[in-house]
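Student: Generate coordinates for the sequence data below:
(chains A and B)
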Amino acid sequence: MTMFEAILLTIVTASTPLLIAAIGELVTERSGVLNLGVEGMLAMGAACSFAAAVTFDSTFLGVAAGMLAGVAMAAVFALAVLGFAANQVGSGLALTILGLGLSGLIGAPFVGARRNPVEPISIPGLSDIPLIGRLFFEQDLFVYASMLLTVAVALYLSKTRSGLTLRSIGENHTSAHGLGLPVLRMRLLAILFGGACSGLAGAYLSLVYTRFWSSGMTAGRGWIALALVVFAAWRPGWVLVGAYIFGAATVLQLHAQAAQFGVPSQLLSAVPYLATILALLLLSIRHGRAIGAPGSLGSPFVPDR
Amino acid sequence: MRFELTPRASVAPFMRTLAPILAFITAFLIAGFVIWLLGRSPLAAFQVYVVQPLSDPWALQELLVKATPLALIAIGLSYCFRANLWNIGAEGQYVVGAILGSWLALRTHGTDAGIWVLPAMLLLGIIGGALYGLIPAFLKTRFGVNEILTSLMLVYVAQLLLDYLVRGPWRDPKGFNFPQSVTFDPAATLPTLGEASRVHYGTVFAVLAVIVTAVVVGRTLFGYRLRLTGDAPRAARFAGFSSKNTTLAVFAISGGLAGLAGISEVAGQIGQLQPSISPGYGFTAITVAFLGRLNPFGILVAALVVALTFIGGESAQILLKLPLDLTQAFQGILLLCVLSADALVSYRVRIIRRGGGK
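Tutor: Numbers count the residues shown, from 1 in each chain, chains lettered A, B, ... in the order given. The predicted structure is shown next:
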């Protein structure tokens, strides 16, 4: 494998957790709920999946535990914002703080443990295509799952009746409620779906990307996933593009650090964060205010009878 | 079974005070449950977290020391939150304030610069924090960029900048290669209140900030404008209040106070720059602001209460071997409970069995 190929491969690995988490958040936001707790759900997914995978020596159980942890965190958030109509921004922040703390507690006994790499699955025939063959058709199951997930969510939102219901609830919950659409039930499902995705993304981080657990290892990826949704103007296809651009930026700055250009490593570490700000800025300059944002995003819904 | 919320026609004033207290008790019960799940005794933890710090004079001082940055930052954040603007980058503004203020301390290190150094450092701290806070505000007012994400991203950038400075150009050459700056001169150190005390003048600044804010928010046109912008943005526009100017003003205020907290902590408490100068005060202050219901005096009380979790967390780590992350987890639970309780003040919750309702 050439150096170039190796770099491209790591870009896929760095992009996949961003993609999975952002797709989940996209569905949540399309239902009109802003969940700023992605970072916390990601951390919990990473900690719980790693703990389960080491304890039972099973990647499968690890992934299941990670997704379950994400769903459980999302359920807490749903109780606050749907059950009690609490402020969504504040509750999301609280979820992040809670998740970062709780993940540290859960992961503490597993600091220093390591997992074996997850075996890639090559798709016969396609993986022999030069360059892109190995890149896209000889990956671990998560990468395929993230692609399928993107396509499935895109089709769900644009082609199914349920997807239309979800979008209309997100655009205007009062009208949707007036039409008899189940606003709170759809939002609950969308929040839980987002949690499952974040949990899966977290599992990918600790089981595949780093293969160890350390406190704070999510390093703001949850926030970058949130930014990706805005950057993608709430469209799944653009989330995919954005995730890969950010994955590339992350990997290239790591290589630049290794190459020692004489630039402080901290400046290069800041690149993903600065790039996020720049991307949001460029998008706003081109399109004006957040284009494509669901109309009811962030506002609580209390049905009046 | 499902919940149903009905708006309350009127809210008794005592409910507004009672809600955060009930939220705090609920959060404590949940945390006790988590500790029990970890296989520890919740009662022993309660003893270490609450009873011990409150019965030990040394720990009481420590309480003031920890509550100081929390109160300063949370007071600033209350301006933003009142106007319904989300500055969640106070941690970064705190760090940049500390950096800019420390710059002067390091420049004048070893010289007879005189008594102007300390006030100038504090002023630079405020300016640094305010300018850093103005970045997301400017991006929002000029280009419509979401302030939540930009202010948060800038936290990481500020922390990396601090890391670079203390490992690189600002590292103490005689510091055995430790990533830290020289220890500040006495002229660049914030004095303590009294001889053997650990409480420094930052606490005075926090109390002043509370009083000034109480007057500004309650008694001035600017305070009225803030509340109107937050509660009824359209009405505020019709009243001729520019939402852009309000945004810039509240971000500058909250950034400035966070910067003051940062330089006070470094000049009064730590005495030098090091890679980590905050156990997450900027984020915890969000919880403090809401626990205090955005009321200046409420925030003062909330800062003391939440400072307790930091001190309790440190002793629990030593005495009970409970990880420090428990403190953070508790703060998250607390914020969730406070926000939910807020909603319960305005709504009545009815539990409807399946088949009931519609």
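Student: Every contact and neighbour count from this point should use C-alpha atoms.
Tutor: Noted.
Student: how about whichever strand or helix holds A:Thr174: buried residues?
Tutor: A:Thr174 belongs to helix A:173-178 when elements are defined using DSSP states H and E. Neighbour-count burial for helix A:173-178, with 16 or more other CA atoms under 10 Å in any protein chain shown as criterion, is recorded at A:His173, A:Thr174, A:Ala176, A:His177.
Student: for the stretch 101-250 of chain B, what spans make up the helices?
Tutor: If DSSP state H, counting those that start in this stretch is used as the criterion, the helices of the stretch 101-250 of chain B fall at B:117-143, B:147-167, B:202-219, B:221-231, B:233-238, B:243-265.
Student: So the helix or strand just after the helix holding A:Thr174, near chain B or not?
Tutor: Helices and strands here follow DSSP H and E; after helix A:173-178, the next one along the chain is helix A:183-204. No: judged by CA under 8 Å from any CA of the partner chain, helix A:183-204 stays clear of chain B, getting no closer than 10.4 Å.
Student: Low-confidence stretches in the stretch 51-200 of chain A?
Tutor: Across the stretch 51-200 of chain A, the stretches falling below the confidence threshold (pLDDT under 70) are A:119-138.
Student: How about the residues of it by chain B?
Tutor: When proximity is defined by CA under 8 Å from any CA, the stretch 51-200 of chain A lies next to chain B at A:80-81, A:83-87, A:90-91, A:94-102, A:104-105, A:108.
Student: Which ones among these map onto helices?
Tutor: Using DSSP state H to define helices, the subset of those located there is A:90-91, A:94-102, A:104-105.
Student: quick one: which of these has the most company?
Tutor: Using other CA atoms under 10 Å in any protein chain shown as the neighbour criterion, A:Ala94 leads those with 32 neighbours.
Student: Can you give me the neighbour number for the nearest residue to that one once chain neighbours are set aside?
Tutor: What sits nearest to A:Ala94 in space, not counting adjacent residues and going by CA to CA, 6 or more residues apart in numbering or on different chains, is B:Gly332, at 4.6 Å. Neighbour count of B:Gly332, defined by other CA under 10 Å: 27.
Student: is it true that A:Glu39 touches A:Gly216?
Tutor: No: counting by CA atoms under 8 Å, no contact exists between A:Glu39 and A:Gly216, whose distance comes to 9.7 Å.
Student: between those two, what contacts are shared?
Tutor: Overlap of the contact sets of A:Glu39 and A:Gly216 (by CA atoms under 8 Å, 6 or more residues apart in numbering or on different chains) consists of A:Leu100.
Student: just to revisit the earlier point, check which helix or strand the residue nearest to A:Ala94 maps to.
Tutor: For B:Gly332, the host element (DSSP H and E) is helix B:325-346.
Student: Check which helices and strands that helix is in contact with.
Tutor: When contacts are defined as 3 or more CA pairs under 8 Å, 6 or more residues apart in numbering or on different chains; DSSP states H and E, helix B:325-346 sits against helix A:88-107, helix B:13-37, helix B:281-291, helix B:296-319.
Student: Relative to the whole chain's centre, how far out is the last one?
Tutor: Read it as helix B:296-319. Its chain's C-alpha centre lies 12 Å from the corresponding centre of helix B:296-319 when counted by CA atoms, centre = their mean, to the nearest Å.
Student: Flag every buried residue along it.
Tutor: Within helix B:296-319, the residues scored as buried using 16+ other CA under 10 Å are B:296-317.
Student: again with the second one
Tutor: Applying a neighbour-count criterion of 16+ other CA under 10 Å, one finds B:15-16, B:19-21, B:23-24, B:26-28, B:30-32, B:34-35 buried in helix B:13-37.
Student: Low-confidence ranges, chain B, go.
Tutor: The low-confidence ranges in chain B, as defined by pLDDT under 70, are B:1-3, B:352-358.
Student: if we can go back for a sec, let me know the next secondary structure element after the helix holding B:Gly332.
Tutor: Following helix B:325-346 in sequence order, the next helix or strand is strand B:347-352 (DSSP H and E).
Student: strands paired with that following strand, and their directions?
Tutor: strand B:2-7 (antiparallel) (DSSP bridges).
Student: hang on, the earlier thing: if I look at the residue nearest to A:Ala94, how far off is B:Thr192?
Tutor: Taken as CA to CA, to the nearest Å, the spacing of B:Gly332 relative to B:Thr192 amounts to 32 Å.
Student: and what of B:Leu162?
Tutor: Spatial separation of B:Leu162 from B:Thr192 under the definition CA to CA is 25 Å.
Student: So between these two, which is more surrounded?
Tutor: Using other CA under 10 Å as the criterion, B:Leu162 and B:Thr192 rank with B:Leu162 on top: 22 against 16.
Student: picking that back up, dump the helices of the stretch 101-250 of chain B to JSON lines, plus distance to A:Phe246.
Tutor: Conversion of those to JSON lines gives the following (distance: least, CA to CA, whole Å):
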{"stretch": "helix B:117-143", "distance to A:Phe246": "21"}
{"stretch": "helix B:147-167", "distance to A:Phe246": "14"}
{"stretch": "helix B:202-219", "distance to A:Phe246": "41"}
{"stretch": "helix B:221-231", "distance to A:Phe246": "34"}
{"stretch": "helix B:233-238", "distance to A:Phe246": "35"}
{"stretch": "helix B:243-265", "distance to A:Phe246": "28"}
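Student: Please name whichever of the ones you listed is nearest to A:Val230.
Tutor: For the helices of the stretch 101-250 of chain B, proximity to A:Val230 was assessed by CA to CA; helix B:147-167 is nearest, at 9.8 Å.
Student: near chain A at all, the closest one?
Tutor: Yes: judged by CA under 8 Å from any CA, helix B:147-167 comes into contact with chain A at B:Leu149, B:Thr150, B:Met153, B:Leu154, B:Tyr156, B:Val157, B:Leu160, B:Leu161, B:Asp163, B:Tyr164.
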